[in-house]
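Asker: I would like the atomic coordinates for the input below:
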Amino acid sequence: MKEEYLNIDAKNFPKLYDQYWNELFCFSRHHTGDEEAAKEIVQQVFISIWERREKLQIQTSIRTYLYGSLKLKILEHHRKLATKRKHENFHFAETNKVSNNTEEHILHKDLLRELQAAINALPERCRQVYLMSREEGMDNRSIAASLVISEKAVEGNITRALRLIRNHLKIFRSSFIFFTTLCRVSEDLCNYLII
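Answerer: Numbers count the residues shown, from 1 in each chain. So this is what the prediction gives:
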């Protein structure tokens, strides 16, 4: 086949298009793996040639020039795909992070609600000792003096309160995912779930 050197004009462009379109399409499809993308890339090559026809002086053979243009368009296509995937992966990661934060927040609120229910269900003296210990930060001696009971009674009430609270919250222990999430969110709450 004779290689041609020519300027592009309205007369020879349709012939050029008809002669090379299928060949370029096959090459493009092979290197993109996507028929629609391959068609679009070949069209872009021909559109680019047509739009620049008045300034374009092809110094090599038409075939060499077309394949060179096509290869550049294929590379551009792969660059765009890589960038798109990178953005999609980033967006997916960010969406997943937000979703996980929302789930953690909901689970944390559920646990706090159940913890408060468990505390409210404690016998009166047991609840009183527990609250003085955990929420007011009092030591056993101070609690004993304040309530006029022995330190041993304080220890017994705290042990009983923790056992009852753990039993009330046992449903949360069954979920390993929740448990690890909870430990990240609140170490204090996590202690209630440890057997």
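Asker: Give the next helix or strand downstream of the biggest helix by length in the chain.
Answerer: When the chain is parsed with DSSP state H, its longest helix is helix 62-120. Next helix or strand after helix 62-120 toward the C-terminus (DSSP states H and E): helix 124-134.
Asker: Okay, now the unreliable bits of this structure?
Answerer: 1-6, 91-101, 172-195 (pLDDT under 70).
Asker: What secondary structure category should be reported for N167?
Answerer: Following DSSP: H, G, I helix; E, B strand; the rest coil, the label given to N167 is helix.
Asker: Roughly how far does it sit from A82?
Answerer: For N167, the distance to A82 equals 54 Å [Cβ to Cβ, to the nearest Å]. To be clear about C-beta, it is placed using only N, CA and C from the backbone, and glycine gets the same treatment.
Asker: Equivalent analysis for Q44, please.
Answerer: Q44 is 18 Å from A82, by Cβ to Cβ.
Asker: of those two, who's got more company?
Answerer: Q44 (17 against 10; other Cβ atoms under 10 Å).
Asker: Contacts only, for the more buried one.
Answerer: By Cβ atoms under 8 Å, 6 or more residues apart in numbering, Q44 lies in contact with K73.
Asker: Could you measure from it over to A38?
Answerer: To A38, Q44 is 11 Å away according to Cβ to Cβ.
Asker: what do you get for L164?
Answerer: 69 Å.
Asker: L162 too?
Answerer: 68 Å.
Asker: ok, these two, which is more surrounded?
Answerer: Neighbour count, other Cβ under 10 Å: between L162 and A38, A38 has more, with 22 against 16.
Asker: just checking, that one touches N22?
Answerer: No - contact between A38 and N22 fails when scored by Cβ atoms under 8 Å: they sit 11.0 Å apart.
Asker: residue contacts, the residue of the chain positioned farthest from its centre?
Answerer: Each residue of the chain has a distance to the centre, and by Cα atoms, centre = their mean the biggest one is for V148: 56.2 Å. V148 is in contact with no residue at all, counting by Cβ under 8 Å, 6+ apart.
Asker: Starting from E155, give me the distance back to it.
Answerer: To E155, V148 is 16 Å away according to Cβ to Cβ.
Asker: Ok, S48 next?
Answerer: 84 Å.
Asker: try R53
Answerer: 94 Å.
Asker: do E40 as well
Answerer: From E40 to E155 the distance is 77 Å (Cβ to Cβ).
Asker: A144 too?
Answerer: Here A144 is placed at a distance of 9 Å from E155 (Cβ to Cβ).
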